[in-house]
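Visitor: for reference, the sequence and a predicted model appear below.
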Amino acid sequence: MSLRTVLLTVPVLALLTQPLWAPSWGAGILGEVGALGVPGAITATVVFVGLVALYCRCLQRLQERVTPEARSRSPRSVWLMFAVPFNFVEDFVIIADLGGSLRRDGRVPGAVVRVWTVAGGTWCLFQIASLLPGTVGVFSGVLALAVWAGHWRHTAVIGRRLTVATTA
């Protein structure tokens with residue numbers, strides 16, 4: 001993890017801890033999850049963590065299908081998406097690096113890689129915005145989930161394309 005990631009995580013930490021230093025702004029993401037009650041919060045957290053694990057596995061497989069000499073990072077490094085709170089910033093780096101790997105590999109058209117990279121950066125941005133208190137945070141969270149689902153689907157499509165290109 002780079003010094004840049006650590007430094008950029010400071011504002012994320014401020015947003016995560018906002019209910020402690022500015023409670024009048026709202027309860028933040030923890031309050032939103034807590035509003036589900038204990039059973040609901042546990043269920044939502046387990047489901048979300050499970051989905052993130054499946055998404056990371058999809059990203060790992062995508063990176064494994066890229067030719068080794070084109071890879072920007074180890075396929076296993078996508079699991080840094082679980083390194084809270086650094087993951088909020090590291091997710092941008094992971095997406096950018098995988099996009100670079102896909103470009104260097106050259107088997108996926110550049111326009112497709114650009115759309116994939118922009119969509120990935122967009123969900124990362126909405127994910128951070130979801131930490132804002134109130135309606136803006138909730139709306140950003142919904143948008144983050146929607147764009148993330150689309151990005152995940154696009155990741156799987158590109159992965160299948162690379163599999164077909166390898167076996168053809």
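Guide: Cool, the structure landed. Residues are numbered from 1 along each chain as shown.

Visitor: which parts of the chain are helices?
Guide: Taking DSSP state H as the test, the helices found in the chain are 3-16, 18-21, 28-34, 37-65, 87-105, 110-129, 134-167.

Visitor: got any ranges where this protein has weak pLDDT?
Guide: Along the chain, the parts satisfying pLDDT under 70 run over 165-168.

Visitor: change it to 90
Guide: Low-confidence segments of the chain (pLDDT under 90): 1-2, 18-38, 41, 44, 133-135, 138, 164-168.

Visitor: any idea which residue sits dead centre in it?
Guide: residue 91 (4.8 Å; C-alpha atoms, centre = their mean).

Visitor: find the nearest non-adjacent residue to it, please.
Guide: Nearest residue to residue 91, sequence neighbours excluded (C-beta to C-beta, 6 or more residues apart in numbering): residue 124, at 4.6 Å. C-beta: built from backbone N, CA, C; applies to glycine.

Visitor: hmm, that neighbour is touching residue 90, no?
Guide: No. Checked against C-beta atoms under 8 Å, the pair residue 124 and residue 90 is beyond contact range at 9.4 Å.

Visitor: who's in contact with residue 87?
Guide: Taking C-beta atoms under 8 Å, 6 or more residues apart in numbering, we find residue 87 in contact with 80-81.

Visitor: any figure for the gap between it and residue 1?
Guide: According to C-beta to C-beta, to the nearest Å, residue 87 and residue 1 sit 10 Å apart.

Visitor: re earlier: pick the most buried one from the helices of the chain.
Guide: helix 87-105 (a mean of 20; mean count of other C-beta atoms under 10 Å).

Visitor: between that helix and helix 3-16, how big is the angle?
Guide: 140 degrees (axes from the mean of the first three to the mean of the last three C-alpha atoms, to 10 degrees).

Visitor: what's the angle from helix 87-105 to helix 37-65?
Guide: 20 degrees.

Visitor: centre of the chain to helix 87-105, how far?
Guide: 10 Å (C-alpha atoms, centre = their mean, to the nearest Å).

Visitor: quick check: chain neighbours aside, which residue is closest to residue 144?
Guide: residue 126 (3.5 Å).

Visitor: the one you found reaches residue 147, doesn't it?
Guide: Yes. Taking contacts as C-beta under 8 Å, residue 126 lies within contact range of residue 147: 6.1 Å.

Visitor: anything in contact with each of those two?
Guide: Counting by C-beta under 8 Å, 6+ apart, nothing touches both residue 126 and residue 147.
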